[in-house]
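Undergrad: how would this look folded up:
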Amino acid sequence: MSQVTVECVQGNIADQPDMDAIVNAANAQLMPGAGVAGAIHSAAGPGLAQECRPLAPIRCGQAVISSAHALPNRHVIHCLGPVYGVDEPSDQLLASCYREALMLAEQNSLSSVAFPAISTGVFGYPLREAAEVTAQAIADTLPRLKSVKQVRLVLFRSGDYRTFRHAFSQAGLVPAG
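TA: Okay, the predicted model is just below:
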């Protein structure tokens with residue numbers, strides 16, 4: 001399909017030292033919160049919140065980029081995913097997060113980016129549907145990427161990993177198995 005390697009792994013999004021950028025499942029104000037945002041802000045240190053203040057607020061489906069501060073990455077890309085059942089059309093807004101984040105990575109000449117499962121935590125997006133939207137959004141964006149050579153989905157729980165791996169396999173992004 002393209003020269004981009006796509007993978008699903010089980011792990012911690014805030015511990016991806018081999019990635020140029022990690023993606024934060026952010027709130028509109030880009031401040032520390034629960035889940036992914038809390039883990040990333042905690043690992044990055046207070047400088048991340050300071051840098052993010054003038055970038056906020058962001059709209060649902062939008063992505064912005066910052067430096068990574070104490071994280072081992074070059075950048076953090078912040079995306080505001082949809083709250084399921086509230087922000088509509090949720091599938092288009094979720095897909096926009098992944099597309100915009102990948103295009104920001106491309107515009108900043110990054111070669112690798114790691115994503116969490118955006119909107120599947122406290123925002124309530126059903127896991128299987130989120131995995132399918134994510135796989136399709138990434139597959140649709142791959143042909144536009146030139147500098148990005150590696151895309152990784154980092155899932156914290158084993159059940160999430162299996163669900164995303166299946167959806168990515170069905171979309172032809174990762175080997176079946």
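Undergrad: pretty sure Leu94 is touching Thr120, no?
TA: No. Between Leu94 and Thr120 there is no contact under CB atoms under 8 Å: 9.4 Å. Where C-beta positions appear, they are placed from N, C-alpha and C, glycine not excepted.
Undergrad: overlap in contacts of the two?
TA: Ala130 (CB atoms under 8 Å, 6 or more residues apart in numbering).
Undergrad: residues contacting the longest helix seen in the chain, please?
TA: Taking DSSP state H as the criterion, the chain has its longest helix at helix 90-107. Contacts to helix 90-107, defined as CB under 8 Å, 6+ apart, come from residues 20-21, 23, 60-65, 75, 77, 79-82, 84, 87, 113, 115, 118-119, 125, 129-130, 133-134, 136-138, 140-141, 144-148, 151.
Undergrad: now do the buried residues in it.
TA: 90-91, 93-106 (16 or more other CB atoms under 10 Å).
Undergrad: so for the helix or strand where Glu51 lies, what gets flagged as buried?
TA: Under the criterion of DSSP states H and E, Glu51 resides in helix 46-52. Judged by neighbour count (16+ other CB under 10 Å), helix 46-52 contains these buried residues: Leu48, Ala49, Glu51, Cys52.
Undergrad: what comes into contact with it?
TA: For helix 46-52, contacts defined as CB under 8 Å, 6+ apart pick out Leu30, Met31, Pro32, Ile40, His41, Ser66, Ser67, Ala68, His69, Ala70, Val76, His78.
Undergrad: which residues of the chain score low on pLDDT?
TA: In the predicted model of the chain, residues 1-2, 177 satisfy pLDDT under 70.
Undergrad: kindly recompute the last result at 90.
TA: 1-3, 33-35, 174-177 (pLDDT under 90).
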